[in-house]
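**Q** 3D, please:
(one chain, ligands or ions: 2)
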Amino acid sequence: MSTEILEQPKARINLGALKKKQINIAVFGRGNVGSVLIDQLFERKNEIAKRRDLELNIFCIANSKTALLGQHISANWKEEFTTKTQCYSITEVIHFAKTNQLKNLIAIDNTASSEFVNHYPEFINSGFNLVSSNKIANTSSLKFYQELRGLLAKNEKEYLYETNVGAGLPLIDTIKLLHLSGENITRIKGVFSGSLSYIFNSFSEEEGTFSSVLKKAIYVGYTEPDPREDLCGNDVARKLLILARELDLHNEFEDISIQNLIPKELRKVSKETFLKNLEALDVPFQIKKKNLNKGQVLRYVGDLHGDLSKEDGAILDVSLVSVSKNSALGNLQGSDSLFEIYTENYGNHPIIIQGAGAGSKVTARGVLGDILRLSDKIK
Ligand SMILES: NC(=O)C1=CN([C@@H]2O[C@H](COP(=O)(O)OP(=O)(O)OC[C@H]3O[C@@H](n4cnc5c(N)ncnc54)[C@H](O)[C@@H]3O)[C@@H](O)[C@H]2O)C=CC1
Ligand SMILES: N[C@@H](CC=O)C(=O)O
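**A** Numbering: from 1, shown residues only. Ligands and ions are numbered 1, 2, ... in the order given. So this is what the prediction gives:
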């Protein structure tokens with residue numbers, strides 16, 4: 001019997017040359033979060049291409065006034081942004097995507113602008129998916145919120161916003177899954193703000209004035225573009241409302257009871273005047289600190305409670321409280337947020353999610369996570 005050695009057939013398919021799925025990204029807002037996100041995208045691009053067969057391509061980078069548009073923007077974007085930008089409108093960006101036949105589109109909203117949110121429907125109708133760190137769309141009227149979801153479903157588009165609550169922490173996804181799987185969430189309580197966590201953790205422990213700690217929080221990028229949004233409680237209130245709506249509760253922003261931390265005379269002045277007068281906060285907060293009992297510290301807390309099984313049964317409170325230094329909330333360090341999620345089956349032992357609740361790096365990483373999640377969903 002003779003044995004024939006068969007020659008191995010030559011591979012006919014060059015797998016390396018197979019086209020990767022190209023995801024075309026327009027980034028709006030190139031401030032703290034936006035610019036770190038763009039850098040992270042360029043840093044991770046090759047690794048992601050290798051591991052996920054995805055080509056993440058940025059074709060637009062814009063701030064409030066000007067935009068850089070190009071089929072493939074390079075890692076040298078900062079320099080190009082100073083030399084090659086143009087005034088733009090959203091319609092022009094959409095037109096650019098159409099004429100260049102760009103598919104698999106994602107618009108990223110890293111602004112804090114309500115005006116920009118008004119363009120979401122235009123993006124969706126033009127074939128864009130959305131990712132946002134901006135919390136405004138989810139905290140506008142319930143009517144807008146529901147219509148947006150209707151429009152997304154009609155156009156088979158996605159909208160991800162994991163960084164809206166807890167920056168890079170996996171919070172919204174966890175709440176969504178618990179709720180969808182039928183685990184009854186009965187209460188969510190905690191320190192929702194990274195900046196206010198940092199401010200009260202430092203101020204309660206250290207000798208410095210309130211304004212000096214606040215200035216540092218602004219400087220490192222923990223606060224909102226207008227820090228009054230944090231200090232007046234709106235930012236924490238928004239986060240509370242976003243979580244409430246994830247649980248299908250029908251609350252409006254006006255339903256939230258909010259303790260405003262800004263002295264009355266500084267609430268309506270311009271941002272510049274406010275920033276020049278931060279020292280006006282020193283005495284009121286020094287008094288609050290002095291009035292604390294031994295072993296207590298200040299924490300700014302959000303609380304979603306009441307009857308969460310009824311659409312209109314929830315109570316939403318945002319307030320400054322004194323807690324024992326030895327409690328979970330009292331123990332917080334740095335800019336950590338802490339979310340206690342109480343559910344029927346977990347009883348009195350809440351699921352706890354804790355970690356940095358603000359900062360451009362963790363937030364940008366969370367936005368990048370949403371881009372990757374969305375890229376997987378795009379067929
Ligand atoms: N800083 C943080 O730790 C976190 C921030 N966020 C959210 O991220 C968003 C951005 O925050 P930052 O980067 O700190 O703000 P930033 O003030 O540093 O940057 C905002 C950017 O948006 C641009 N912009 C404003 N209006 C615009 C418009 N109509 N069209 C296009 N661009 C516009 C500005 O020119 C600027 O480039 C905010 O919505 C904030 O709530 C969310 C989680 C954590
Ligand atoms: N200003 C916010 C930033 C994240 O949402 C905060 O302090 O938590």
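**Q** after whichever helix or strand Asn129 is part of comes which helix or strand?
**A** Using DSSP states H and E, the element containing Asn129 is strand 128-132. Where DSSP H and E defines the elements, the next helix or strand beyond strand 128-132 is helix 136-139.
**Q** what's the mean pLDDT across the strand holding Asn129?
**A** For strand 128-132, mean pLDDT is 98.
**Q** next, count neighbours for Asn260.
**A** Neighbours of Asn260 under the rule other Cβ atoms under 10 Å: 14. Yep, even glycine has a C-beta here, placed from its N, CA and C like the rest.
**Q** what do you get for Gly369?
**A** Per other Cβ under 10 Å, the neighbour tally for Gly369 reads 17.
**Q** returning to what we had before: got a list of contacts for the strand holding Asn129?
**A** With contact meaning Cβ atoms under 8 Å, 6 or more residues apart in numbering, strand 128-132 is reached by 26, 94, 97, 105-110, 120, 123-124, 152, 157-161, 164, 367, 370-371, 374, 378.
**Q** of those residues, select the buried ones using a ChimeraX command.
**A** In ChimeraX, a selection of the buried entries from those looks like this (16 or more other Cβ atoms under 10 Å):
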select :26,94,97,105,106,107,108,109,110,120,123,124,152,157,158,159,160,161,164,367,370,371,374
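**Q** coming back round to it: the strand holding Asn129 pairs with which strands?
**A** Strand pairing for strand 128-132, determined by DSSP bridges: strand 105-109 (parallel), strand 159-160 (parallel).
**Q** got JSON lines for these, with distance to ligand 1 and mean pLDDT too?
**A** What follows is these, written out as JSON lines (distance: least, Cβ to the nearest ligand atom, whole Å; pLDDT from 0 to 100):
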{"stretch": "strand 105-109", "distance to ligand 1": "8", "mean pLDDT": "98"}
{"stretch": "strand 159-160", "distance to ligand 1": "13", "mean pLDDT": "98"}
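**Q** OK, contacts around Pro217?
**A** Check again: residue 217 is Ala, not Pro. Applying Cβ under 8 Å, 6+ apart, the residues near Ala217 are Ser195, Tyr198, Ile199, Thr223, Pro227, Ser335.
**Q** any idea which residue sits dead centre in this structure?
**A** Relative to the mean C-alpha position of the chain, the nearest C-alpha, by Cα atoms, centre = their mean, is the one of Thr163, at 2.5 Å.
**Q** which non-adjacent residue is nearest it?
**A** Gly366 (4.0 Å; Cβ to Cβ, 6 or more residues apart in numbering).
**Q** neighbours of that neighbour, how many?
**A** With neighbours defined by other Cβ under 10 Å, the count for Gly366 comes to 25.
**Q** and what of Leu275?
**A** 16.
**Q** so what's it up against?
**A** Shown in contact with Leu275 (Cβ under 8 Å, 6+ apart): Ile218, Pro227.
**Q** please parse the chain into its domains.
**A** Domain ranges of the chain: 19-167+362-377, 171-358, per automatic domain parsing.
**Q** I'd like those as a markdown table, with distance to ligand 2 appended.
**A** Shown next, in a markdown table, are those (distance: least, Cβ to the nearest ligand atom, whole Å):
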| stretch | distance to ligand 2 |
| --- | --- |
| domain 19-167+362-377 | 5 |
| domain 171-358 | 3 |
